[in-house]
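Visitor: Sharing a model prediction with you, sequence too.
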Amino acid sequence: MLEEGRNAGIMKSMPFAQEVAGRLRPKVVAGKEDSPEQRLLKTLRMVAPGTPLYEGLENVLRARTGALIVVGDSEAVLKLVNGGFRIDTEMHPSYLYELAKMDGAILLSSDARRILYANVQLTPDPLIPSFETGTRHRTAERVAIQTGELVIAISQRRNVITLYSGNLKYVLHDVGVILAKANQALQTLERYKLVLGQALNNLTELEFEDLATAGDVVTVIQRAQMVSRIAREIERYVSELGSEGRLVDMQLEELMVDMDEGQLVIRDYWIPKDGKEDLAAGAAQLWENLQGWSSEDLLDMGAVLKAMGYVTAGVSADTPLTPRGFRILSKIPRLPMPVIENMVTKFGTLPRILEASIESLDEVDGIGEVRARSIKEGLRRLREQALIERHL
């Protein structure tokens, strides 16, 4: 199995998300539409246990020969290739191990299925800044930054595998260490989900009474974001574990069922700048923006309210807010979102929807008399359930 080097000790003390974020630098490679997060997941899946490339890297690591491997045959990469041998054969772990005994770099196809060149010399731009000390790792970092491709450096003395992709640097971890971290993260996710559930139940009850405040809304958004962040950390663990992460993936899927209420809360309370922005798209964009915030900024209620479109000078934690009703209505079985949107467009707020008669609901596009009665009954049951859960 892949073993951690001595220099990975600092990384062990950092949360996984901070560990990755701390190694991201501004992108300089044009034409790359994937986010750093997406590139990282794609890269980890390519070198995860169960793939031929992983087996080859593990063989090289055990042999302590070291290696420099470029995964990509773009024109930008080929311009940096000098000398070596053109092989152009199917990639097999044993081939990779044998070719790594030579001093030069190995060039693979972009899908890592073929070995194109071996024993080549790479000549990246020496003016590209690099903080690496070893020749192999310095070359790997510069080639990755210059070409945007995945470059893998295996240290001969430290027994460490380092991935470089564009401006991203990541040190592979031992499978046992990742499994332990993933299990710990799953336990944390379960606890955070329980706390989020309590906050959502509280908000549901307050919304039915039209007593929700800015503090209640922000609390739910903050906790939903924390759950989402932990889930993203576990997704990275699953990607890195490959075939060893099936059970972790199954547990994550089970825990994250029906966990989209955070965006619906934003959709209920977000104030568009010009009043004409699409609520669904705006809420999704704001949710994505919040994912990039630091923990300190996320816990700042004023900052969250400002991002939601409220003038913080006139809004406090006790300021009453009225929901549109997307989240509550989405809990009614077999009620499509287009129908919910029509209801919100007609009535405007959840209290007005609760007060609406069956005849008024019947006038909404997509709602007949049968569905109108179903909606009234569904809202009644949700209200009773919220009251029961409050006293449990």
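Guide: Here it is on my side, so go on.
Visitor: Who's the closest spatial neighbour of Gly83, skipping the chain neighbours?
Guide: In space, and not counting its chain neighbours, Gly83 is closest to Gln121: 5.2 Å by C-beta to C-beta, 6 or more residues apart in numbering. Backbone N, C-alpha and C define where each C-beta goes, glycine included.
Visitor: buried set for the helix or strand that that neighbour is a member of?
Guide: Take DSSP states H and E as the rule and Gln121 turns out to sit in strand 114-122. Neighbour-count burial for strand 114-122 flags Ile115, Leu116, Tyr117, Ala118, Asn119, Val120, Leu122 (criterion: 16 or more other C-beta atoms under 10 Å).
Visitor: Beta-bridge partners for the residue nearest to Gly83, please?
Guide: Gln121 forms beta bridges with Asn82, as assigned by DSSP bridges.
Visitor: In contact with the closest residue to Pro52 other than its chain neighbours, which residues?
Guide: Setting aside the residues directly before and after it, Pro52 is nearest to Pro93 in space (C-beta to C-beta, 6+ apart), at 5.5 Å. For Pro93, the contacting residues are Pro52, Leu53, Glu55, Gly56, Asn59, by C-beta atoms under 8 Å, 6 or more residues apart in numbering.
Visitor: Please apply the same query to Ser130.
Guide: Ser130 makes contact with Arg138, Glu141, Arg142 under the criterion C-beta under 8 Å, 6+ apart.
Visitor: Pipe the residues you listed into CSV and attach neighbour count, pLDDT and secondary structure per row.
Guide: Putting the contacts of Ser130 into CSV (neighbours: other C-beta atoms under 10 Å; pLDDT from 0 to 100; DSSP: H, G, I helix; E, B strand; the rest coil) gives the following:
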residue, neighbour count, pLDDT, secondary structure
Arg138, 17, 94, helix
Glu141, 22, 95, helix
Arg142, 23, 96, helix
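Visitor: Quick check: closest non-adjacent residue to Pro351.
Guide: Counting by C-beta to C-beta, 6+ apart, the residue nearest Pro351 is Asp210, at 4.9 Å.
Visitor: what about the helices in the stretch 201-350 of the chain?
Guide: All helices of the stretch 201-350 of the chain, identified by DSSP state H, counting those that start in this stretch, fall at 214-241, 246-255, 261-269, 279-291, 295-298, 301-307, 326-330, 337-347, 350-355.
Visitor: Next, the buried residues of stretch 372-387.
Guide: Ala372, Ser374, Ile375, Lys376, Gly378, Leu379, Leu382, Arg383, Ala386.
Visitor: for this protein, what are the low-confidence residue spans?
Guide: Residues of the chain meeting the criterion pLDDT under 70: 1-34, 275-276, 312-313, 390-392.
Visitor: re the thing from before, which one of the contacts of Pro93 is nearest to Lys42?
Guide: Leu53 (12.9 Å; C-beta to C-beta).
Visitor: one step back: can I get the contacts of Ser130 in TSV with distance to Lys193?
Guide: Formatted as TSV, the contacts of Ser130 follow (distance: C-beta to C-beta, whole Å):
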residue	distance to Lys193
Arg138	44
Glu141	39
Arg142	43
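Visitor: Secondary structure for the buried residues of stretch 372-387 - can I get that in JSON lines?
Guide: Listed next are the buried residues of stretch 372-387 as JSON lines, based on DSSP: H, G, I helix; E, B strand; the rest coil:
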{"residue": "Ala372", "secondary structure": "helix"}
{"residue": "Ser374", "secondary structure": "helix"}
{"residue": "Ile375", "secondary structure": "helix"}
{"residue": "Lys376", "secondary structure": "helix"}
{"residue": "Gly378", "secondary structure": "helix"}
{"residue": "Leu379", "secondary structure": "helix"}
{"residue": "Leu382", "secondary structure": "helix"}
{"residue": "Arg383", "secondary structure": "helix"}
{"residue": "Ala386", "secondary structure": "helix"}
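Visitor: Quickly check those residues for the two that are furthest apart.
Guide: Pairwise over the buried residues of stretch 372-387, using C-beta to C-beta, the maximum falls at Ala372 and Ala386, 21.6 Å.
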